[in-house]
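**Student:** can you look at this prediction? I've put the sequence above it.
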Amino acid sequence: MAFLFFVIWIILNGRITLELVLIGMGVSVAIYFLAARALDYSPKKDLQLLRSLPIVFLYILNLVLEIIKASVGVIAIIWSRDRKPDPVFVEFHSGLPTEMQNVILANSITLTPGTYTVLQEGDYFLVHCLREELAQGVEEGSFVKLLRRVR
């Protein structure tokens, strides 16, 4: 995390000099320690983040692909005279252990066209879907499977 702070420091300064590098290293380490104390952050969490980085990139790629697929489906509903919206609500428990994973899932569902999360409490979800076929697989879809792999 301190390295990330340092990279941001260099980007915001727009130039690299010995003075800026030394000051930036000191400021970055100081901010890291302040964040560690104020936010209950530790180097162990940095290592956990580094270990799960490939899954995070895979999750983001999957999210983009799901958004594209759902967008095409919603466009087909809009342009078709035969297919009308037939809204449904889906209730399910995700089974994800942490609040962060459940919030990420709720936001991913909402970002996907044709669906949005109406309620999320713990691992309980109430999701509104534009059509029934958009609701299929929400509770055991690729989002949930990938989030279970994140530790």
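**Tutor:** Happy to help now that I have it. In this text, all values refer to a predicted model and were calculated from it rather than measured experimentally. Numbers count the residues shown, from 1 in each chain.
**Student:** show me what contacts the spatially most central residue of the chain?
**Tutor:** A centroid search over the chain (C-alpha atoms, centre = their mean) returns residue 104, at 4.6 Å, as the residue closest to the centre. Contact partners of residue 104, counting by C-beta atoms under 8 Å, 6 or more residues apart in numbering, are residue 147. The C-beta positions use only the backbone N, C-alpha and C, and glycine is treated the same way.
**Student:** cool, and the one 3 residues further on?
**Tutor:** Going by C-beta under 8 Å, 6+ apart, residue 107 touches residue 117.
**Student:** how about it, secondary structure?
**Tutor:** Of the three states, residue 107 takes helix according to DSSP: H, G, I helix; E, B strand; the rest coil.
**Student:** which elements pack onto the lowest-mean-pLDDT helix or strand in the chain?
**Tutor:** Lowest on mean pLDDT, DSSP states H and E among the helices and strands of the chain sits helix 132-135, with a mean of 79. Judged by 3 or more C-beta pairs under 8 Å, 6 or more residues apart in numbering; DSSP states H and E, helix 132-135 is in contact with helix 43-79, strand 88-93.
**Student:** in terms of mean pLDDT, which of the ones you listed ranks lowest?
**Tutor:** Note on the helices and strands packed on helix 132-135: helix 43-79 shows the lowest mean pLDDT, a mean of 88.
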